[in-house]
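# Build me a structure from this.
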Amino acid sequence: MTGPVVIPVRDEHHPSVIADMVYERADSGEFTLIEVRVRAAQGGTLRVGNLGPLPLARWERSARFQAATNQAESPEELALARVKALHPELGPHSHGNDRRRWSSLVGLAKAAEEYGRVAASGHANPALLLADRYSVSVGTIRSWLYRARREGLAPGSTHPNATVNKYPEEL
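Predicted coordinates for the structure are as follows:
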């Protein structure tokens, strides 16, 4: 195990509150939540009445996602970390439909990460480059990106049907 990892979470719906999620990272790479600290944002005050409706479970999923993705380096590692953080009930050892969903989500996350890296490098048409890399059509790449956004696996995902909360930085 390594030392504790503290992830501060802010939410635009609760601007006066910051929740610090404290994790321990096992040698296997799994993050275990060991503490939640709620504090007032700078210049704010905490009131007991404001603590009841706090969406701590959603914040914890976002913090776990951020903790996992901060540890990853390659697109493959990042994709695995994202899917593991957002869908802990799935895994590479799942069976049947869960296994297919796991594989699909990892592929979508990897495509989204690679697209983001190619776009950030200044390439004029990142979808075309990825289409050549994977020997698929540009439309297929765009479909993968749409599905990744819908699942909340792509940076800046704003799809209204995203099954998980967006990136923690957007909270």
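# Whichever helix in the chain runs longest: how far from the chain's middle?
Taking DSSP state H as the criterion, the chain has its longest helix at helix 96-120. With C-alpha atoms, centre = their mean, to the nearest Å as the basis, helix 96-120 stands 12 Å off its chain's centre.
# With stretch 16-31 instead?
So, by C-alpha atoms, centre = their mean, the centroid of stretch 16-31 is 14 Å from its chain's centroid.
# go on, stretch 81-97?
The answer for stretch 81-97 is 13 Å, by C-alpha atoms, centre = their mean.
# Do a quick rundown of the helices in this protein.
Going by DSSP H, the chain shows helices at 48-51, 56-71, 75-86, 96-120, 126-134, 138-150.
# Packing partners of the longest helix of the chain?
When contacts are defined as 3 or more C-beta pairs under 8 Å, 6 or more residues apart in numbering; DSSP states H and E, helix 96-120 packs onto helix 75-86, helix 126-134, helix 138-150. Bear in mind the C-beta positions are built from the backbone N, C-alpha and C, glycine included.
# Any buried residues in that helix, and which?
Within helix 96-120, the residues scored as buried using 16 or more other C-beta atoms under 10 Å are 101-102, 105-116, 118.
# Tabulate the helices and strands packed on helix 96-120 (CSV), appending distance to residue 61.
Output for those, formatted as CSV (distance: least, C-beta to C-beta, whole Å):
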stretch, distance to residue 61
helix 75-86, 7
helix 126-134, 28
helix 138-150, 17
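# how about these in JSON lines, adding mean pLDDT?
JSON lines is the format used below for the helices and strands packed on helix 96-120 (pLDDT from 0 to 100):
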{"stretch": "helix 75-86", "mean pLDDT": "81"}
{"stretch": "helix 126-134", "mean pLDDT": "87"}
{"stretch": "helix 138-150", "mean pLDDT": "92"}
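# highest average neighbour count across those helices?
helix 75-86 (a mean of 21; mean count of other C-beta atoms under 10 Å).
# Could you tell me the angle between that one and helix 138-150?
40 degrees (axes from the mean of the first three to the mean of the last three C-alpha atoms, to 10 degrees).
# quick revisit: what's the average pLDDT for the longest helix of the chain?
For helix 96-120, the mean pLDDT works out to 88.
# Now do it: everything it contacts.
75-76, 78-80, 82-83, 87, 89-92, 94, 126-127, 129-130, 133-134, 141, 144-145, 147-149, 151, 153-155 (C-beta atoms under 8 Å, 6 or more residues apart in numbering).
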